[in-house]
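Colleague: Just the structure for this:
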Amino acid sequence: MPAANDLNAANDSVLQSGLYRAQKSESQQALILTLVVGGALVLLLVVTQVYVTRNFRRRLNPALALATVVAAVFVCYTAYAFVSHSHNLRGVKQDSYDSVAALLDARADAYEANAAESRWLLDLPMRAEHERDLLRVRRQARHLQ
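Modeller: Predicted coordinates for the structure are as follows:
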């Protein structure tokens, strides 16, 4: 059982420290990059519109106005997609993985207690040692509740 507990702890630590944080960090970096580049594009289109208005005596260039609106909508939608991805990643990790891991740990503890009780009942020559193991497992189960 200690080897299985070590393996479970190793898997959990990899998820906690490495994968989840890396994905969250990459999502935040992509969001920032999208906002910076998209904001620069929209700003460039607005500056171009102002330049055309001043130098060519046009009040509004429809193509530039449409391009500005489309770029702004695209940047907003892309930022929303990154925020949604981050939220979904957090939901998968916290709501799904953590609760499933807790259920699997409880199930493993129940199996260990059942095995200790069976050894205590069936192995009469080593009954005292098995009784200590059974009481230890029960104490651990109570402690975790």
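Colleague: just for this protein, where's the confidence low?
Modeller: In the predicted model of the chain, residues 1-8, 10-18, 93-94, 96, 98, 141-145 satisfy pLDDT under 70.
Colleague: Please name the residues that touch R139.
Modeller: With contact set as CB atoms under 8 Å, 6 or more residues apart in numbering, R139 has no partners. No exception for glycine: its C-beta is placed from N, CA and C like everyone else's.
Colleague: Now whichever strand or helix holds it: buried residues?
Modeller: Assigned by DSSP states H and E, R139 belongs to helix 127-144. By 16 or more other CB atoms under 10 Å, the buried positions in helix 127-144 come out as 130, 133-134, 137.
Colleague: what's the farthest-apart pair in those?
Modeller: The distance between the two most remote of those (CB to CB) is 10.4 Å, for H130 and V137.
Colleague: Quickly list what's touching both of these two.
Modeller: Common neighbours of H130 and V137, counting by CB under 8 Å, 6+ apart, are A116.
Colleague: Now do the same contact list for the spatially closest residue to T48 that is not a sequence neighbour.
Modeller: The spatial neighbour of T48 that comes closest, neighbours along the chain excluded (CB to CB, 6 or more residues apart in numbering), is L64 at 5.9 Å. Neighbouring residues of L64 by CB under 8 Å, 6+ apart: 45, 48-49, 52.
Colleague: 10 Å - rerun?
Modeller: Residues in contact with L64, defined by CB atoms under 10 Å, 6 or more residues apart in numbering, are 45-46, 48-53, 58.
Colleague: before we move on, the earlier item: just the buried residues of helix 127-144 now: which is nearest G39?
Modeller: Within the buried residues of helix 127-144, proximity to G39 (CB to CB) peaks at V137, which comes in at 59.1 Å.
Colleague: The closest one contacts E112, correct?
Modeller: Yes. At 5.4 Å, V137 counts as touching E112 under the criterion of CB atoms under 10 Å.
Colleague: secondary structure element for L124?
Modeller: Taking DSSP H and E as the definition, one finds L124 inside no helix or strand.
Colleague: From A40, how far out is the residue of the chain positioned farthest from its centre?
Modeller: Distance from the C-alpha centroid of the chain peaks at R57, with 53.1 Å (CA atoms, centre = their mean). Note on R57: its distance to A40, by CB to CB, to the nearest Å, is 27 Å.
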